[in-house]
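K.L.:
I'd like to go over a predicted model; first the sequence, then the structure.
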Amino acid sequence: MNNNAMPSLFVPHGAPTFVLRPGAAGAALARAAAALPRPRAVVVVSPHWDTGEPTVGFAGRPETIHDFWGFPDALYALRYPASGCREAALDVHAALLQAGFPSRVDETRGLDHGAWIPLMLMFPDADIPVIPVSIQGHEGPGYHLRLGRALAPLSRKGFLVLASGNLTHSLRDFHVAQQNGGAVPPYVREFPDWIWGRLRAGDTAALVDYRRQAADAPRAHPTEEHLLPLYVALGAAGDAPVPTRLHAGVDDYVIAMDAFAFNPETSA
């Protein structure tokens, strides 16, 4: 592996209560963070910041956004007091522009729960600058793979691309499972295994075409936003990434909590 480049990560953020009961998935995220060199900045990509065009957060002190309702009071008391970094944000913005993306900036954007929950579990001291970047939910996997590749040069400058989502995400099936005794539907394990098999094989074409090629893909993702960050993380490791499965498991009956690291291929 190229020791001069930071790996990119795809991590789960689960339900908001994940941060209160991190379990095995949270422990895996903490181990992954501890094994990394100290990043210059974390570029965090969450499915909960969805914009028309790629947008980079420039806030000096991004607020902690509690963008969920009906959860325990303890969650609303949590704050992740990260700083931003204008110089680092300018580098991210420039990388997107150089790759041909019409990148915009947002001077006030905070950190939604898809960002601050994994950050709190991985970097609890909040002492590394955080630069949020939005997804475009109306675009597909191929677009987000290219978006990740636009960020790939930053890995050699000490940036960690941390993309957050979940490999399965169906609120409807959560309610069904809750009413039926908590049985895990088979696809909740089968779909992540299909993704991992394609990642190991380097079959990017199948991954991009997952909606036709993977069984139960529309059930795993009635909408795509929670899977699209995976493609950003994959692309951020360049053209031939080396994947590692950091964790596999299920929380809340239907939420696959798989985590992956993508290391850039060895340079010649």
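P.N.:
Here it is on my side, so go on.
K.L.:
Toward the C-terminus from the helix or strand where Pro192 lies, list the very next helix or strand.
P.N.:
Using DSSP states H and E, the element containing Pro192 is helix 187-201. Using DSSP H and E, the next helix or strand after helix 187-201 towards the C-terminus is helix 204-208.
K.L.:
for that next one, packing partners?
P.N.:
Under the contact criterion of 3 or more Cβ pairs under 8 Å, 6 or more residues apart in numbering; DSSP states H and E, helix 204-208 touches helix 141-151, helix 187-201, helix 228-236. (C-beta placed from N, C-alpha, C; glycine too.)
K.L.:
which residues sit against it?
P.N.:
Residues outside helix 204-208 that contact it (Cβ atoms under 8 Å, 6 or more residues apart in numbering): 140-142, 145, 195, 198-199, 213, 231, 234.
K.L.:
What is the next helix or strand after it packed up against?
P.N.:
Remark: after helix 204-208, the chain's next helix or strand is helix 210-213, criterion DSSP H and E. For helix 210-213, the elements it packs on are helix 187-201, helix 217-220, judged by 3+ Cβ pairs under 8 Å, 6+ apart.
K.L.:
Local confidence estimate at Glu175?
P.N.:
Not quite, residue 175 is His, not Glu. His175 carries a pLDDT value of 82.
K.L.:
and whatever helix or strand it lives in, how far from the chain's centre?
P.N.:
Assessed by DSSP H and E, His175 sits inside helix 171-179. On the basis of Cα atoms, centre = their mean, to the nearest Å, helix 171-179 sits 24 Å off its chain's mean C-alpha point.
K.L.:
Just the buried positions in it, please.
P.N.:
Going by neighbour count (16 or more other Cβ atoms under 10 Å), the buried part of helix 171-179 is 173, 177.
K.L.:
relative to helix 187-201, how tilted is it?
P.N.:
Here the directions of helix 171-179 and helix 187-201 differ by 130 degrees (axes from the mean of the first three to the mean of the last three Cα atoms, to 10 degrees).
K.L.:
Pull the residues that contact helix 171-179.
P.N.:
183-185, 188, 219, 222, 252-255.
K.L.:
Adding distance to Val45 and secondary structure, write the residues you listed out as a markdown table.
P.N.:
Output for these, formatted as a markdown table (distance: Cβ to Cβ, whole Å; DSSP: H, G, I helix; E, B strand; the rest coil):
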| residue | distance to Val45 | secondary structure |
| --- | --- | --- |
| Ala183 | 32 | coil |
| Val184 | 27 | coil |
| Pro185 | 27 | coil |
| Val188 | 23 | helix |
| Arg219 | 24 | helix |
| Pro222 | 21 | coil |
| Asp252 | 22 | coil |
| Tyr253 | 26 | coil |
| Val254 | 23 | coil |
| Ile255 | 18 | strand |
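K.L.:
And those residues, which is closest to Ser8?
P.N.:
Proximity of those to Ser8 (Cβ to Cβ) peaks at Ile255, which lies at 21.7 Å.
K.L.:
Val161: how many residues sit nearby?
P.N.:
By other Cβ atoms under 10 Å, 29 other residues sit near Val161.
K.L.:
angle of the helix or strand hosting it against helix 228-236?
P.N.:
Assigned by DSSP H and E, Val161 falls within strand 159-165. Here the directions of strand 159-165 and helix 228-236 differ by 150 degrees (the same axes, to 10 degrees).
K.L.:
For the remainder of this discussion, apply numbering that starts at 374.
P.N.:
All set: I'll call the first residue 374, so the last point we hit is now strand 532-538.
K.L.:
Sheet-wise, list the partners of strand 532-538 with their directions.
P.N.:
The strands beside strand 532-538 in its sheet (DSSP bridges) come out as strand 381-385 (parallel), strand 414-423 (parallel).
K.L.:
Name the SS class of the closest residue to Thr424 other than its chain neighbours, please.
P.N.:
Spatial nearest neighbour of Thr424, excluding adjacent residues (Cβ to Cβ, 6 or more residues apart in numbering): Ser507 at 4.2 Å. Following DSSP: H, G, I helix; E, B strand; the rest coil, the label given to Ser507 is strand.
K.L.:
gap between Ser507 and Tyr453?
P.N.:
Distance from Ser507 to Tyr453, counting by Cβ to Cβ, to the nearest Å: 18 Å.
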